[in-house]
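Asks: Turn this into a structure:
(one chain, ligands or ions: 1)
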Amino acid sequence: MANFDEIIDRRNTHSAKWDVMEAVYGVSPDGGLSMWVADMDFKPPQAVIDTLQASVDHGIFGYHAPDTSYRQAVCSWMKRRHGWEIAPEWISSTHGLVAAVALALQAYTEKGDGIILFTPVYHAFAKMVSNNERKIVEAELVQANGRYDMDLEALEASLDGSEKMVILCSPHNPGGRVWSVAELRALADFCVKHDLILLADEIHHDLVFAGHKHVVTALAAPEIADRLVTLAAASKTFNLAGGMTGAVIISDEALRARFAKAHQAAGASPNGFGKGMTEAAYNGGESWLEELLEYLTENRRVFDEGVNAIPGVRSMALESTYLAWVDFSGTGMKTEEVIERVQSGAKIAANYGETFGKGGEGFLRFNLGCPRSMVEDAVSRLQSAFKDLQ
Ligand SMILES: Cc1ncc(COP(=O)(O)O)c(C=O)c1O
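Replies: Reported below is the predicted structural model:
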């Protein structure tokens with residue numbers, strides 16, 4: 001049994017989440033709560049630790065090859081957990097998935113091309129688009145019944161013909177939407193109609209709560225295989241982000257060759273530790289994941305119940321991810337005041353909504369991948385910081 005209640009001090013361990021929070025948010029890790037960067041304060045499955053330990057015991061850290069067993073583990077996971085049969089040669093392994101987004105932009109688009117993002121969305125997408133001198137096209141998600149929907153009609157009306165790619169986050173971060181087959185199919189049709197490559201980042205695919213089902217885009221819309229690139233990884237699922245290993249899965253040979261060209265030009269590949277951890281997690285981490293999902297379900301309940309009790313504050317009901325997306329606009333306060341209360345009052349470091357693009361204003365994102373006691377502490381700190389509203 002995993003012990004997700006265990007408090008593990010991550011300060012002074014080169015943790016981006018804990019050791020950079022003060023520089024970014026002015027919240028000291030001594031006494032403050034770090035709820036921003038999307039990794040979890042949990043140890044991974046024992047199988048992962050055993051694999052790394054065996055490597056340390058062996059003591060030789062040379063080049064890593066062949067990666068046949070890693071590829072097999074990815075194929076097996078996709079089949080077992082997602083019902084998707086993939087071939088080992090469809091996989092390209094990258095130095096994480098942000099790098100994969102950058103490589104896909106270089107492989108399939110040119111400078112100045114329009115890249116469609118459904119905002120608010122994971123901030124590194126926009127960063128990669130602008131760092132690669134492409135043009136960000138923001139298609140703002142609309143809220144209906146407290147959750148996000150895509151508005152393809154509005155998007156269609158805004159197109160100027162320069163668009164070459166859509167980057168989809170499925171499930172969606174932030175907000176946790178699990179897109180339905182109908183929604184994925186509608187988007188696939190849209191991509192065909194406007195001749196767009198669809199880059200489906202499915203990194204959060206395993207972190208889906210009961211009552212919802214993630215459908216792999218490639219299964220929802222098999223007819224767009226010649227324009228579909230899927231991104232997956234074990235890093236969010238099993239808390240292995242430092243392993244910097246992602247899988248780019250492309251079934252169409254010609255599309256894959258274009259990606260391979262950009263990948264080879266960059267000369268970048270992941271390290272053996274990341275592949276080893278991924279393989280160990282996929283082969284030996286399934287029961288750990290089931291326990292994690294139960295734990296996160298309760299964290300979500302405790303957090304939502306607590307913050308939704310503050311007048312004007314609403315946490316979006318997550319269908320997936322451990323990233324609570326909280327709308328403070330109902331308090332009537334300016335964003336600066338909300339931030340001041342959260343950072344200086346509650347001493348919590350949480351991501352600013354506006355960094356996720358259009359539609360993120362007024363929101364903060366809180367990472368619930370932490371021991372329950374920290375979620376409870378965060379709730380009580382937030383309730384005190386806004387107690388004048390009660
Ligand atoms: C949608 C999405 N893609 C990619 C990443 C990060 O990928 P990597 O660490 O493999 O670069 C994140 C991290 O939060 C994410 O939410």
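
Asks: Contacts only, for the residue of the chain found nearest the ligand.
Replies: Closest to the ligand within the chain is Gly96: 3.0 Å, counting by C-beta to the nearest ligand atom. All C-beta spots, glycine's among them, are computed from the backbone N, C-alpha and C. Going by C-beta atoms under 8 Å, 6 or more residues apart in numbering, Gly96 touches 233, 235, 241, 244-246, 270.

Asks: Which single helix of this protein contains the most residues?
Replies: Secondary structure of the chain per DSSP state H: the longest helix is helix 286-308.

Asks: picking that back up, next, find the distance separating the residue of the chain closest to the ligand from Val181.
Replies: 29 Å (C-beta to C-beta, to the nearest Å).

Asks: Contacts for the longest helix of the chain, please.
Replies: So helix 286-308 is contacted by 1-2, 4, 42, 44-46, 80-81, 206-210, 237-238, 313-315, 317-318, 322, 324, 326, 366, 368-370, 372, 375-376, 378-380, 382-383 (C-beta under 8 Å, 6+ apart).

Asks: Can you give me the buried ones in stretch 200-218?
Replies: 200-209, 214-218 (16 or more other C-beta atoms under 10 Å).

Asks: Would you mind listing where the protein has pLDDT under the threshold?
Replies: For the chain, applying pLDDT under 70 flags no range at all.

Asks: ok, which residues in it are in contact with the ligand?
Replies: For the chain, the contact set with the ligand under C-beta under 6 Å from any ligand atom comprises 38, 96-98, 122, 169, 173, 201, 203, 233, 235, 241, 246.

Asks: Tyr63 contacts Asn271, doesn't it?
Replies: No - contact criterion C-beta atoms under 8 Å: Tyr63 and Asn271 do not qualify, at 9.6 Å.

Asks: so where do the strands sit in the stretch 201-350 of the chain?
Replies: For the stretch 201-350 of the chain, the strands defined by DSSP state E, counting those that start in this stretch cover 228-232, 246-249, 314-315, 323-327, 348-349.

Asks: Let me have the ones you listed in CSV, extended by mean neighbour count.
Replies: Listed next are these as CSV, based on neighbours: other C-beta atoms under 10 Å:
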stretch, mean neighbour count
strand 228-232, 26
strand 246-249, 26
strand 314-315, 20
strand 323-327, 24
strand 348-349, 26
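
Asks: and of those strands, who's closest to Gly112?
Replies: strand 228-232 (20.6 Å; C-beta to C-beta).

Asks: For the closest one, which outside residues touch it?
Replies: 74, 78, 97, 100-101, 104, 108, 188, 197-203, 205, 216-218, 221, 246-252, 255, 259.

Asks: Just give the strands next to it in its sheet, each with its orientation.
Replies: Sheet pairing of strand 228-232 (DSSP bridges) gives strand 197-201 (parallel), strand 246-249 (antiparallel).

Asks: I'd like those strands as a markdown table, with distance to Ala266 appended.
Replies: Conversion of the strands paired with strand 228-232 to a markdown table gives the following (distance: least, C-beta to C-beta, whole Å):
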| stretch | distance to Ala266 |
| --- | --- |
| strand 197-201 | 17 |
| strand 246-249 | 12 |
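
Asks: quick one, which of these is nearest to Ala350?
Replies: Closest among the strands paired with strand 228-232, once you apply C-beta to C-beta, is strand 197-201, at 22.1 Å.

Asks: which other residues reach that closest one?
Replies: 97, 101, 104, 108-109, 122, 125, 164-170, 187-188, 191, 217-218, 224, 227-231.

Asks: chain center to it, what's the gap?
Replies: 14 Å (C-alpha atoms, centre = their mean, to the nearest Å).

Asks: And stretch 161-175, by the same measure?
Replies: With C-alpha atoms, centre = their mean, you get 13 Å for stretch 161-175.

Asks: Kindly check the end-to-end length of that stretch for me.
Replies: 29 Å (C-alpha to C-alpha, to the nearest Å).

Asks: ok so, going back, filter the residues of the chain next to the ligand down to just the ones in helices.
Replies: Reading helices off these with DSSP H, I get 97-98, 235.

Asks: circling back to that earlier point, just the angle between the longest helix of the chain and strand 323-327, please?
Replies: 20 degrees (axes from the mean of the first three to the mean of the last three C-alpha atoms, to 10 degrees).
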